[in-house]
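Enquirer: Build me a model from this:
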Amino acid sequence: MVEKVCQRIMEAEIIEFLGAGPHELTDEKICYCNGYKPQILRTQFGELNLTIPKDREGNFSSKLFARYEKARNNAITSQGILIVMGIGTDSRHEVLSFDIADSESEASWSEVFANLRDRGLSGVKLIIHICPS
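Expert: Numbers count the residues shown, from 1 in each chain. Sure thing, here's the model as predicted:
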């Protein structure tokens, strides 16, 4: 599940970075996607086998890896992946928020939920926290 969510997040990041989706032509499009490269991300959830989107210019960098590179360089020793999924009345799942924080603290989650509220999220009926052992 985490692997699929991370993959979907990177797909959204590359679309935002390029200014358009696959096979889309817009005035905002700055470059084109140029395939994928396999990458293993070691997280508190275990190893995630991901395929990283590439752009033709080689400028795209996912936030997902940038934060973990700091961890490997001993700048940050522990981090939490904060993912908020929404399920609509039509049973569709959607990633509402994704962030990497220094910890899964109350302050980190409060910031995530405040951001969602500022973006217009309302009517939340249930919150479930899933934490790896």
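
Enquirer: now Lys4, what's its secondary structure?
Expert: Assigned with DSSP: H, G, I helix; E, B strand; the rest coil, Lys4 falls in the helix class.

Enquirer: How much space separates it from Thr89?
Expert: 22 Å (CB to CB, to the nearest Å). Every C-beta, even on glycine, is put in place using the N, C-alpha and C of the backbone.

Enquirer: Can you classify Glu57 as helix, strand or coil?
Expert: Glu57 ends up coil, using three-state DSSP.

Enquirer: Ramachandran angles for it?
Expert: Backbone torsions for Glu57, taken as degrees, to the nearest 10, come to phi -80, psi -20.

Enquirer: who has more neighbours, Lys4 and Thr89?
Expert: For Lys4 and Thr89, the more surrounded residue by other CB atoms under 10 Å is Lys4, and the numbers stand at 12 against 5.

Enquirer: Now do the helices in the chain.
Expert: Assigned helices in the chain, in chain order: 2-18, 63-72, 106-118 (criterion: DSSP state H).

Enquirer: if you average pLDDT over each of the ones you listed, which comes out lowest?
Expert: Mean pLDDT across these is lowest at helix 63-72; the value there is a mean of 57.

Enquirer: related to what we said a few turns ago, output the helices of the chain in TSV; the columns should cover distance to Met85.
Expert: Formatted as TSV, the helices of the chain follow (distance: least, CB to CB, whole Å):
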stretch	distance to Met85
helix 2-18	7
helix 63-72	16
helix 106-118	12
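
Enquirer: out of these, which comes closest to Glu47?
Expert: Across the helices of the chain, Glu47 has its closest neighbour in helix 2-18 (9.1 Å, CB to CB).

Enquirer: Output the contacting helices and strands for the closest one.
Expert: Under the contact criterion of 3 or more CB pairs under 8 Å, 6 or more residues apart in numbering; DSSP states H and E, the helices and strands touching helix 2-18 comprise strand 33-43, strand 46-55, helix 63-72, strand 80-87, strand 93-101.
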